[in-house]
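A.B. asks: sequence unknown, structure follows:
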Ligand code: 5GP
């Protein structure tokens, strides 16, 4: 876990309620909210409350939290897009990671096809 101060971590500020977000799920382990710039009809970010910089660090430190992220993604997809979804973890700036607090993009519904990859 990194010790970055809260003001440098946008997602910690959203989790703390300091920055507004459209929260769709919250529990002791994760918070899930809609992406501000959605790439599909459903585009939700599932964010562990504890900060790890990326999914590799999360998997090494807390595989049970990673499993919970996947379970919450499934729950969101069940509610919004027929249970089918794409799960994306951008890992590194070169592939588009912009927020270095691990988050799963849950994408589904209209406008998303396999050929987008
Ligand atoms: P990354 O590029 O790091 O994988 O994903 C970061 C995501 O956070 C982007 O899809 C971006 O649209 C989203 N994002 C950036 N700032 C905000 C914000 O203030 N609120 C919300 N809800 N999403 C944000």
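C.D. replies: Happy to help now that I have it. A quick note: this is a predicted structure, and the numbers were derived from the prediction, not measured.
A.B. asks: What mean pLDDT does the longest helix along the chain get?
C.D. replies: Criterion DSSP state H: the longest helix present in the chain is helix 63-80. Averaging pLDDT along helix 63-80 gives 98.
A.B. asks: Burial check on the nearest residue to residue 19 once chain neighbours are set aside, number of neighbours?
C.D. replies: With sequence-adjacent residues excluded and distances taken as Cβ to Cβ, 6 or more residues apart in numbering, residue 19 is closest to residue 13, at 4.5 Å. Every C-beta, even on glycine, is put in place using the N, C-alpha and C of the backbone. Taking other Cβ atoms under 10 Å as the neighbour definition, residue 13 ends up with a count of 16.
A.B. asks: And the contacts of whichever strand or helix holds residue 57?
C.D. replies: Element membership for residue 57, per DSSP states H and E: helix 55-61. With Cβ atoms under 8 Å, 6 or more residues apart in numbering as the test, helix 55-61 has contacts from 1, 48, 52, 65, 66, 69, 89, 91, 102, 104.
A.B. asks: The third one: how many residues sit nearby?
C.D. replies: Other residues near residue 52 come to 20 when the count uses other Cβ under 10 Å.
A.B. asks: And the closest residue to it other than its chain neighbours, how far from the ligand?
C.D. replies: Closest residue to residue 52 apart from its sequence neighbours, by Cβ to Cβ, 6+ apart: residue 58 at 4.3 Å. Taking Cβ to the nearest ligand atom, to the nearest Å as the measure, residue 58 falls 14 Å from the ligand.
A.B. asks: Could you check the pLDDT of residue 58?
C.D. replies: At residue 58, the pLDDT recorded in the model is 98.
A.B. asks: Equivalent analysis for residue 45, please.
C.D. replies: On the pLDDT scale, residue 45 gets 98.
A.B. asks: From residue 67, how far off is residue 56?
C.D. replies: 15 Å (Cβ to Cβ, to the nearest Å).
A.B. asks: what does the lengthiest strand in the chain rub up against?
C.D. replies: Within the chain, and with DSSP state E defining each element, the longest strand by residue count is strand 42-48. Strand 42-48 is contacted from outside by 11, 14-15, 24-25, 29-35, 58, 62, 65, 69, 72-73, 76-77, 80-81, 85, 101-109, using Cβ under 8 Å, 6+ apart.
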